[in-house]
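>>> got a sequence here, can you build the structure:
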Amino acid sequence: MGYLGFYFDMTACIGCRTCQIACKDKNDLKVGTIFRQARTYEVGVYPAPGAYHYSGSCNHCAQPKCVEGCPTGAMHVAEDGTVQHDRAKCIGCRYCTWACPYGVPQFIKDLGKVGKCDGCKDLRDEGKNPVCVDACPMRALEWGDTDELKAKHGDTTSELAILPEASRTKPSLVIKAKRIAAQKDFRYKEV
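Prediction:
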């Protein structure tokens, strides 16, 4: 059995950011705080430029650097293997925000504490999907056991040119990537 995590079908994503908005709404996040972020990248150079979209949130890593960096145990690995955050234990030191190579934990100034994607644990406990999964009109996101997601979707990766090397944290992330997104020799920029 693999870890619980997200599947992202980059070939289906149209960059509408509905997943990002649904997450922001469910978590009642103020301007400037985003737990799931959809981004668009331009790659290559004229005469053969290209573009792709990437929707990312917490990767619920098998070797989470945010957990290693947290001095209070607020950032921890839960029984289901996902990376969770206990606001009651959080002292707002931001060590987790600096340690995560994906930039996932967000400091919430109004609270003086950190927050992050919890994979909608409350909804999953009720047998439901994370809100971003159900919100996606293209069905580009799924949640589940990563081994099962890999078996179901076939040719997948957790490596993209825009992401840190997967060996650093072993993210619970399965991506059906556009070929151009996985090629590290292309120049890219976020638009």
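
>>> average pLDDT for the helix or strand encompassing Leu149?
Element membership for Leu149, per DSSP states H and E: helix 146-153. For helix 146-153, mean pLDDT rounds to 95.

>>> tell me the secondary structure at the closest residue to Leu160 other than its chain neighbours.
Excluding its sequence neighbours, the residue lying closest to Leu160 (CB to CB, 6 or more residues apart in numbering) is Ala181, at 5.2 Å. (Glycine included, C-beta is placed from N, CA and C.) Secondary structure state of Ala181, per DSSP: H, G, I helix; E, B strand; the rest coil, is helix.

>>> Ala181 against Met10, yeah?
Yes - the pair Ala181 and Met10 passes the contact test of CB atoms under 8 Å, sitting 6.0 Å apart.

>>> joint contacts of the two?
Residues touching both Ala181 and Met10 (CB atoms under 8 Å, 6 or more residues apart in numbering): 52, 54.

>>> just how off-centre is the helix holding Leu149 within its chain?
In terms of CA atoms, centre = their mean, to the nearest Å, the centre of helix 146-153 is found 17 Å from the chain centre.

>>> which strands and helices sit next to that helix?
Packing partners of helix 146-153 (3 or more CB pairs under 8 Å, 6 or more residues apart in numbering; DSSP states H and E): strand 4-9, strand 173-176.

>>> the first one to helix 146-153, inter-axis angle?
The reference is to strand 4-9. 20 degrees (axes from the mean of the first three to the mean of the last three CA atoms, to 10 degrees).
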